[in-house]
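S.K.: here's my sequence, what's the structure:
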Amino acid sequence: MDNWLKFILVFITSAVICFVLSKIVIALAYKFKILDYPRGERKIHSQPTPLLGGLAIYFTLVIMIVILGQNQQLLDTRIDVSMISWFLFSGLILMVNGYLDDKYQIKPYVSILGPILASLAVIIGGLKIVYVTNPGGGVLYLDQLFSALPGGGDFFIFLITFIWLMGITYTTKLLDGIDGLASSIGLIASIVVFVVSLSWDVVGSTTSLLALTLAGALLGFLFMNWHPAKIFLGEGGSTFVGFSLGVLAIISGSKIATALLVMGLPVLDIFWVILRRWKKKRSWYQGDNEHLHFRLLRAGFSQQQVVMFFAAVSLAFGLVSIFFTTKTKIGALIILLATMAFLSTWLNYKLKKIETN
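M.R.: Modelled structure (predicted):
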């Protein structure tokens, strides 16, 4: 079968499966009362809304991996087949953790154990950041870079990989504050990873198919998650989207800079929020409504406008990551930082003006 026809079929099939599964999860969430009730300042929806949306996305990936595996489509000598099993096992950890949090509202310092265990599991399975692109040309192999360190640098490679996975996992978790935001950004990011993977995974096997499956699943889910949302990602979904992107960025040829560019705005927003919380002597993990998407809402933007703004920025910088060199990507990251600084300053002025009127 022609590769592009295969890609289209994988994308559409994933979207349809996830759409159907989302409807099933909605019914189950209502039946077992696993709902997000509009209580507190961070809750902007008007009626109880089903959680557990991550189950639809996760099981779409499981179903598609089984189908593709049976059709001998997941054959890539550069990626150990066991890595896919470890990835799915890690995803299952996040699903269980997500269910517990959605059902019992466990404390943040307890729920963080899910992403920690998931990250450790996939690293134990062999996932690691082998190299990063050298801005001056070529690549920097981390084992050579840290070879003089104790243990040949294995611990530092483990630490870098772990921090990357945790960081990108919590980026989508904290991004999931308004209808369709995290799923939209995840959709764009997975498509970008798919495109850049083609330069490495030229036969269109494991890496590109996994990225495309995730993209299709997110599109199918987005039909139910767009404002007004009929279902939310929940803890399991919001963490699984970021975790999956983190894993795919590594196995697609250490495309860390690419993922950072696409997710750059929400990543910088997290740093901004953490700094503000530290200045106010509050816990860094304590939830509030100071994230960029909440502030844009208070400034008068609609939920759809906020999502479209984030999506446009992610898509623009995603295109930079596809078509330009590493040096240009670094310049784009600097531009992104300046954009975030401008937005923060403008919003501070705008919100103060609103409060005084």
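
S.K.: in the chain, where's the longest helix?
M.R.: Assignment by DSSP state H gives helix 326-356 as the longest helix of the chain.

S.K.: and that one, what does it pack against?
M.R.: Using 3 or more Cβ pairs under 8 Å, 6 or more residues apart in numbering; DSSP states H and E, the elements in contact with helix 326-356 are helix 256-262, helix 264-279, helix 292-298, helix 303-323. For glycine as for every other residue, the C-beta is placed from the backbone atoms N, C-alpha and C.

S.K.: what residues are up against Thr171?
M.R.: With contact set as Cβ atoms under 8 Å, 6 or more residues apart in numbering, Thr171 has these partners: 242, 263, 266-267, 270.

S.K.: as CSV, the residues you listed with neighbour count and distance to Ile191 would be great.
M.R.: Shown next, in CSV, are the contacts of Thr171 (neighbours: other Cβ atoms under 10 Å; distance: Cβ to Cβ, whole Å):
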residue, neighbour count, distance to Ile191
Gly242, 31, 16
Met263, 28, 13
Pro266, 24, 17
Val267, 22, 18
Ile270, 19, 22
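
S.K.: which one of these is nearest Leu165?
M.R.: Nearest to Leu165, judged by Cβ to Cβ, of the contacts of Thr171 is Gly242 at 8.6 Å.

S.K.: now do Leu347: how many residues are near it, please.
M.R.: Leu347: 15 surrounding residues under other Cβ atoms under 10 Å.

S.K.: this protein: strands as residue ranges?
M.R.: For the chain, applying DSSP state E gives strands covering 35-36, 49-50, 131-133, 139-141.

S.K.: partners of the second one in the sheet?
M.R.: By that I understand strand 49-50. Within its sheet, strand 49-50 is paired with strand 35-36 (antiparallel), according to DSSP bridges.

S.K.: please report phi then psi for Leu33.
M.R.: Not Leu; residue 33 is Lys. Note on Lys33: backbone dihedrals following degrees, to the nearest 10 are phi 60, psi 40.

S.K.: go through the strands of the chain and pick out the most buried.
M.R.: When you average the neighbours per residue for each of those (mean count of other Cβ atoms under 10 Å), strand 49-50 leads with a mean of 24.

S.K.: show me what that strand is in contact with.
M.R.: Contacts of strand 49-50 (Cβ under 8 Å, 6+ apart): 25-26, 29-30, 34-36, 229-232.
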